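Undergrad: Need a 3D model of the sequence below.
(one chain, ligands or ions: 1)
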Amino acid sequence: MAALRVGLVGWRAGAFLPGLVAAGAVVAAVCELEPGRRRALGEAAGVPPNHRLDRYEDLLDAGLDAVALGTPMHLHAPQAVAALDGGLHVLSEVTAAVSFGQCRDLGRAALAAARTGRVYMLAENYCYSRQNVLVRELVRRGAFGTVYYAEGEYLHDVKDMHHNTDGSPTWRHHWQVGRNGCTYGTHSLGPVMQWLTAADPADRPDRVARVSCLGSGRHTDPEHAMEDTVILCCQLASGRLVRIRLDMLSNRPDAPTNYTLQGTAGAYESARAAGETDRVFFCTEQEGGRRWRPLESYASALPAWYRDGWPPAAGSGHGGADFFVARDFVRACRAEIPVSIGIEDAVNWTAAELVSQESIARGGMPLAVPSLSALLSAKLTPPAPRSEPHAGCGAGGERPVVVSDPGAPGVPQLVMRAPAALLAAAGVRDVPPGFAVRQALDADAPDLARLLSGAFGGGWDADRVRRDLLEAGDVTATFVVTMRAEGSERLVATASDREVPDRFPGAGYLHWVAADPAMAGSGLGAAASLAAIVHSQAGGARDMVLETDDHRLPAVATYLALGFAPEYRDPSDPARWAAVFRALAAGRRSTRTAAAVARL
Ligand SMILES: NC(=O)c1ccc[n+]([C@@H]2O[C@H](COP(=O)([O-])OP(=O)(O)OC[C@H]3O[C@@H](n4cnc5c(N)ncnc54)[C@H](O)[C@@H]3O)[C@@H](O)[C@H]2O)c1
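TA: Next comes the predicted model:
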């Protein structure tokens, strides 16, 4: 087999040289803007002067099979897309991209390239450090039981990298600390995401589903937009929790590899300072009390690929991690192993960073992280305002309690969202005795019209039910809850599953939820909703969204109980949701008061 011909792009790509060469690849060209670095990189890689280039376009024409990108962050995605579209494999430094648009373009190019056997790999070398590989292997063997919580911290004072010697700003000034949020989180997030999905291959698709980000304020070097310390809370689609701390500004010794892992049967804590040791605790070894043991005492569990690769890796950067990254990349290009950190992970971890910037700007609001498929079909425009007065969901036949005026022109409905798997798993599937849930039939149209008119106030007839629900192209299923009484069947609740890909790509949309007012409080609207959610999840939706109005308090209470959370999309949302929660609390208080009075 001919050796893989690789081009190194940017000075940092030189870190991959030992691993590339050890895996049998040939570095055939280098590209670097700065002449001194270009010469040094070319000499180190043994590249002849005519293949030491300063234009990336020329490198792409140099007859290569692959590129390794070590350029500044904002160039990774465009350079990767150009290479993938040109039929090359790509190894890219972190982070994968600096905008959702870049994520989308990269995702599209990487998925298209994968169909022709081309590889995109994120060079997240912290996933390859000895400790992190060993912890991952111990997770895989079940030593920690079910793992459900992890922490990662990147505390690295790089203030001296924000300006060139002439005082001009570097790319880090703009892309790392020039924006607020967790802009450089994959060194922390990458390893812990691998741990949390290592135990069961079925968990692999797990991803960061929503994040909340808060900062400490600007104190040490306040010229930057980034707050000194930024905390990112990540909820995975499976419900597991991750906490990331990023600090590139505070005055302190570096600690870029702090990690914690918690499982049902054990825990891990990395060393935080010189002189400390990485340590584990396993419930199975409790004799003599709950004691930590050195992680290194389990070194025999290191996988063979790591132990065999260690002698040549020993002198390479980041404790040998750069070597293993490059070696795995070459092996994946040759289809000898699967890609270890592919486009799904790269985009998810990067998208979590990008959403963190939105969250911190909104005071730490939990915000959904779009999946790769969502990004691919997204227009990446702000949500459209509500187009018709009653579009979306209502529930029950409650008397409207107007909290704000959602009908005002241009005011969008409130949006709620949750991972579909969480909703489906948490929901109570059984309906009360005497009731049943089934898909709606054409013959149900007149009864559905009566039910929807009762809940939403007129405007429904059998024709509209057929047009808007039963025969609508975007409604994938309508469910009804029926009550059997004296040989006849009565429709008492309904909910539909809809697709709205232009506004909620990749998500199911809970549509037109209604319940018979006479049955209020029986959980029938929730039962119909759950049927639609389960249907949507079975159809591949990762998230479920719905839209509702500020005044539909019983409906909002039902959705909250099902597991939906507010999604803040419009600047007016925080105040509107605060009013909704105040009104719900006031409603609970008056109910309790009425019950107390009734007991007198
Ligand atoms: N994984 C890790 O542990 C790790 C460590 C350091 C840096 N990085 C990443 O590596 C990248 C580079 O970081 P750095 O510290 O080396 O930055 P740097 O500023 O020191 O070096 C960037 C180099 O890229 C060159 N360059 C810029 N545009 C180019 C282009 N179009 N074509 C070719 N070369 C170009 C510049 O001349 C410069 O030499 C960043 O994305 C950073 O996040 C990762």
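Undergrad: so where do the helices sit in the stretch 451-600 of the chain?
TA: Secondary structure of the stretch 451-600 of the chain (DSSP state H, counting those that start in this stretch): helices located at 462-465, 524-538, 553-562, 573-599.
Undergrad: Quick one: closest of the ones you listed to Glu296.
TA: Set against Glu296 and scored by CB to CB, the helices of the stretch 451-600 of the chain come closest in helix 524-538, at 42.7 Å. Yep, even glycine has a C-beta here, placed from its N, CA and C like the rest.
Undergrad: which strands and helices sit next to the closest one?
TA: Judged by 3 or more CB pairs under 8 Å, 6 or more residues apart in numbering; DSSP states H and E, the packing partners of helix 524-538 are helix 420-426, strand 435-439, strand 475-485, strand 488-499, strand 507-515, strand 543-548, helix 553-562.
Undergrad: Most tightly packed of the helices of the stretch 451-600 of the chain?
TA: helix 524-538 (a mean of 25; mean count of other CB atoms under 10 Å).
Undergrad: Rounded mean pLDDT for that one, please.
TA: The predicted model assigns helix 524-538 a mean pLDDT of 89.
Undergrad: go on, stretch 210-223?
TA: 94.
Undergrad: didn't Ala143 look like it was pressed against Glu285?
TA: No: using CB atoms under 8 Å as the test, Ala143 is too far from Glu285 to be in contact (10.0 Å).
Undergrad: Looking at these two, which one has more neighbours?
TA: Neighbour tally, Ala143 and Glu285, criterion other CB atoms under 10 Å: the higher count belongs to Ala143, 22 against 13.
Undergrad: so who does that one touch?
TA: 265-266, 280, 282, 298 (CB atoms under 8 Å, 6 or more residues apart in numbering).
Undergrad: Same check on Asn164?
TA: By CB under 8 Å, 6+ apart, the neighbours of Asn164 are Thr170.
Undergrad: For it, give me phi and psi.
TA: Main-chain dihedrals, Asn164, degrees, to the nearest 10: phi -70, psi 170.
Undergrad: what do you get for Leu376?
TA: Torsion angles, degrees, to the nearest 10, at Leu376: phi -70, psi -30.
Undergrad: Please look at Ala23 and Val330 and confirm they touch.
TA: Yes: using CB under 8 Å, Ala23 is in contact with Val330, at 3.6 Å.
Undergrad: how many neighbours does whichever residue of the stretch 251-400 of the chain sits closest to the ligand have?
TA: Minimum separation of the stretch 251-400 of the chain from the ligand (CB to the nearest ligand atom) falls at His318, amounting to 5.4 Å. Number of residues near His318 (other CB under 10 Å) recorded here: 17.
Undergrad: Can I take it that it is in a helix?
TA: No: counting by DSSP: H, G, I helix; E, B strand; the rest coil, His318 is located in no helix; its state is coil.
Undergrad: what's the neighbour count on the residue nearest to it when sequence neighbours are not counted?
TA: Counting by CB to CB, 6 or more residues apart in numbering, His318 lies nearest to Asn125, which is 5.0 Å off, once chain neighbours are set aside. Asn125 has 27 neighbouring residues, counting by other CB under 10 Å.
Undergrad: What residues does Asn125 make contact with?
TA: 317-318, 321-322, 324-325.
Undergrad: mind running it again at 6 Å?
TA: When contacts are counted by CB atoms under 6 Å, 6 or more residues apart in numbering, Asn125 is found next to 318, 321-322, 325.
Undergrad: Alright, I will stop here.
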